[in-house]
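K.L.:
build me a structure from this.
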Amino acid sequence: MATLVGASTSAFAITAEHAEIAKEFVQVHGAREGGAGAGIRGRGGKRELHRASNDRHVEGRFWSVLGLCEIANFASLRRHLGRARADSLVLDVARRITGLVPDVRIAAAGRALIEISFERASPEAVADDIDRIRKGFQRTLDLDGEPHHLQMHFGVAAAPSVEDDEVLLAEAAESALEQARADGRVVMLDLSRADLAFDKLTLMRELPRAIANGEMFLQYQPKVHVRRQEIASAEALVRWQHPTRGLILPGDFISVAEQAGEISTLTLWTLRQVIEDQRKLRADGFDMLLFVNISGQLLADPGFVDEVCEMLANTDAKLGFEITETAVIRDPESAIRHLQFFADSGVTLAIDDYGAGLSSLAYLKKLPARELKIDKMFVMQLTSSNRDPLIVRSTIDLAHALEMEVTAEGVETPSALALLSVMGCDMVQGFLISRPLGLDAFRKFLADDGHLDNANGHPASFVRPESFWKRA
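P.N.:
Numbers count the residues shown, from 1 in each chain. Below you'll find the predicted structure:
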């Protein structure tokens, strides 16, 4: 069982209130799963899942299910109940769900968001259980003696266990939740269905038109500086809103763009849009670094490098590029040379997904990078693994020795945040801070913190409970 790190051990303080909520969540759902804390996990919490899922074939359960349940009227409930009581609403939701479907595993993914996972024999059985949960929330919930109606959004993804890809399942559940918000109904995606599979050749033909017609859009996920307790930068993430297929996830079209030779066009569009968005943020009073992901293919493309350098010479934008180690390994000589060009042009370079690929100290010491991002596969199990904390701590020490700042990706729980702060991690990014947001929602996110700053006469602090589970 992972130990919850509280405020007394954290340089980036975790409030006692949130520590108690987290402990209560562990106790409530751990008891149902047969041990304290067994039922609470992050999205990567495989240790907790193994005990429940190893018997799926014995029990005849062959479908893996991941669902996201969001309290749609959380803001109005918070105004009525008060912040402290609203912060524990996820516990009330969790109790009702486990009362309806006892074998479900539950994790708090945000102040208003619950993640559920379980296995079933068929998609029909999945739909029955989800409908049971949906109908369960049509009844009022007793909150401190008063009846309240919780309006819920449900986004669900299901896949056969033989095709169970945890990352794909998570992305599909997030996509389903987005559709559920827009449509006002339960959305369940069956990942085995042929009509959900994208024809790469068709996407290759449609991608140039999509870029030209404005079907691509950006979302921003903030990164928080732990010691300064402020939003230091944000990562720009490209999305494709297809006119007939709906939202297409990056995992489905980035590789297509590379294969079709459109990755340069897509990245240049992204850079121009980020520069334009940064102007709007500056006008709002937020002058921050914005990061763009750069494909390994482009690091070996002199034409792309020249065009970007020319673009940078004609703007005062504060940009960062995130590159993976794998991208450098493809063609180390030209990649390192071109990265140096970018660094000389004022671009901040970050090594993305460190530890997920072939981590090479030989390349690490040569790269002109100023930031290293630890892959979320190590962060999500930080408080439930014996080895991951050792890997993360040694990586932080190594990066600091090389004069790089460290960002931890995939931070989803206060306990992980507290442990990272004790380890000396510089920045954190993940659903605990915020999911990726469209520009307007991101501006509102920043403005809300600016309002806190003005009201209190000091920098907005992420010690505040509302900032832990911030969502637009």
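
K.L.:
quick one: contacts for the nearest residue to P332 once chain neighbours are set aside?
P.N.:
Nearest residue to P332 in three dimensions, chain neighbours excluded: Y363, at 6.4 Å (Cβ to Cβ, 6 or more residues apart in numbering). All C-beta spots, glycine's among them, are computed from the backbone N, C-alpha and C. Applying Cβ atoms under 8 Å, 6 or more residues apart in numbering to Y363 gives the contacts E325, V328, I329, P332, I336.

K.L.:
ok, 10 Å please
P.N.:
Applying Cβ atoms under 10 Å, 6 or more residues apart in numbering to Y363 gives the contacts E325, V328, I329, P332, A335, I336, I351.

K.L.:
how far does stretch 366-379 sit from its chain's centre?
P.N.:
From the chain centre to the centre of stretch 366-379 is a distance of 16 Å (Cα atoms, centre = their mean, to the nearest Å).

K.L.:
name the helices or strands packed onto the longest helix along the chain?
P.N.:
Counting residues, the longest helix in the chain under DSSP state H turns out to be helix 263-283. The contact analysis (3 or more Cβ pairs under 10 Å, 6 or more residues apart in numbering; DSSP states H and E) places helix 263-283 against helix 200-212, strand 216-225, strand 230-242, helix 250-260, strand 289-293, helix 302-313, strand 319-324, helix 439-456.

K.L.:
turn these into a markdown table, including mean pLDDT, distance to R134 and mean neighbour count.
P.N.:
Formatted as a markdown table, the helices and strands packed on helix 263-283 follow (pLDDT from 0 to 100; distance: least, Cβ to Cβ, whole Å; neighbours: other Cβ atoms under 10 Å):
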| stretch | mean pLDDT | distance to R134 | mean neighbour count |
| --- | --- | --- | --- |
| helix 200-212 | 86 | 33 | 16 |
| strand 216-225 | 95 | 27 | 21 |
| strand 230-242 | 93 | 26 | 20 |
| helix 250-260 | 84 | 28 | 18 |
| strand 289-293 | 97 | 37 | 21 |
| helix 302-313 | 93 | 48 | 15 |
| strand 319-324 | 94 | 39 | 22 |
| helix 439-456 | 69 | 26 | 15 |
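
K.L.:
and these as TSV, adding distance to D426?
P.N.:
As requested, these are exported to TSV (distance: least, Cβ to Cβ, whole Å):
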stretch	distance to D426
helix 200-212	35
strand 216-225	7
strand 230-242	9
helix 250-260	26
strand 289-293	13
helix 302-313	25
strand 319-324	14
helix 439-456	19
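
K.L.:
nearest to L169, of the ones you listed?
P.N.:
Proximity to L169 (Cβ to Cβ) singles out helix 250-260 among the helices and strands packed on helix 263-283, at 11.6 Å.

K.L.:
list the contacts of that closest one.
P.N.:
With contact meaning Cβ under 10 Å, 6+ apart, helix 250-260 is reached by 165, 167-168, 171-172, 197-208, 210-211, 216, 237-240, 242, 245, 248, 262-267, 293, 295-298.

K.L.:
hmm, back to that, P147 is nearest to which of the helices and strands packed on helix 263-283?
P.N.:
From these, taking Cβ to Cβ, the stretch that ends up closest is helix 439-456, at 29.9 Å.

K.L.:
and the spatially closest residue to I211 that is not a sequence neighbour, how many neighbours?
P.N.:
If the residues on either side of it in the chain are set aside, I211 comes closest to W269, at 5.5 Å by Cβ to Cβ, 6+ apart. Counted with other Cβ atoms under 10 Å, residues neighbouring W269 total 17.

K.L.:
what do you get for F154?
P.N.:
Using other Cβ under 10 Å, the number of residues around F154 comes to 22.

K.L.:
show me what it is bridged to.
P.N.:
Assessed by DSSP bridges, F154 has beta-bridge partners C69.

K.L.:
mind checking how far it is from G67?
P.N.:
6 Å (Cβ to Cβ, to the nearest Å).

K.L.:
before we move on, what about F291?
P.N.:
Going from F291 to G67 by Cβ to Cβ gives 31 Å.

K.L.:
so where do the strands sit in the stretch 301-450 of the chain?
P.N.:
For the stretch 301-450 of the chain, the strands defined by DSSP state E, counting those that start in this stretch occupy 319-324, 348-354, 371-374, 405-408, 427-428, 437-438.

K.L.:
fine, thanks again, bye for now.
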